[in-house]
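*Asks:* what's the 3D shape of this:
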Amino acid sequence: MKTFQLDIVTPTKVISEGQVEYLRAPSINGLFGVEAGHALAVIAIGIGEIKVMHGTEITYYSTSGGYADIRQEEVMLLVETIEQSNDIDIARAERAIQKAKDLLGNDQVNHVRAIEAMERAQNRIKVSRRSE
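*Replies:* Coordinates of the predicted model:
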């Protein structure tokens, strides 16, 4: 199977996945997949799970959004945050969910931000289960 170069860039680190066969990521309008030779595109990424396939090896990541720059032989994900499934601190994510729920009960708080924080934490817990 043909491969393409995948690099994931955050404000604090760069992860070079090297040559991969398949990438699935969450756009703001639903999931999209990429294989070698994909049409050129720039796609907005939403909160969700990123799946990367290297042959029979699959790696899962949690992300909070960003952009995918897709070229025929290379994809660069420019994301706000990225966590590999087995690196996610579940207890921390559960605390973030509780904090967001507490904030939603306060009329003085921006509810949109609290809901987004809850969605990010829920996604992290979901993705962490991929490493079990």
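
*Asks:* Could you use CA atoms for every contact and neighbour count after this?
*Replies:* Will do.

*Asks:* Compute the distance between the closest residue to residue 35 other than its chain neighbours and residue 4, please.
*Replies:* Residue nearest to residue 35 in three dimensions, not counting chain neighbours: residue 22, with 5.0 Å by CA to CA, 6 or more residues apart in numbering. From residue 22 over to residue 4 the distance is 8 Å, taken as CA to CA, to the nearest Å.

*Asks:* Now for these two: what residues contact both?
*Replies:* 35-36 (CA atoms under 8 Å, 6 or more residues apart in numbering).

*Asks:* In the chain, mark out all the helices, start to finish.
*Replies:* 90-104, 111-128 (DSSP state H).

*Asks:* and the last one, average pLDDT?
*Replies:* Per-residue pLDDT values over helix 111-128 give a mean of 91.

*Asks:* Run through who's touching it.
*Replies:* By CA under 8 Å, 6+ apart, helix 111-128 touches 47-49, 60-64, 84-88, 90, 93-94, 96-97, 100-101, 103-104.

*Asks:* buried residues in it?
*Replies:* Of all the residues in helix 111-128, those buried under the rule 16 or more other CA atoms under 10 Å are 111, 114-115, 117-125, 127-128.

*Asks:* so that helix versus helix 90-104, what angle?
*Replies:* 160 degrees (axes from the mean of the first three to the mean of the last three CA atoms, to 10 degrees).

*Asks:* Tell me the gap between helix 111-128 and the middle of its chain.
*Replies:* Distance, stretch centre to chain centre, for helix 111-128: 12 Å (CA atoms, centre = their mean, to the nearest Å).

*Asks:* The first one too?
*Replies:* Between the centre of helix 90-104 and the centre of its host chain there is 19 Å, according to CA atoms, centre = their mean.
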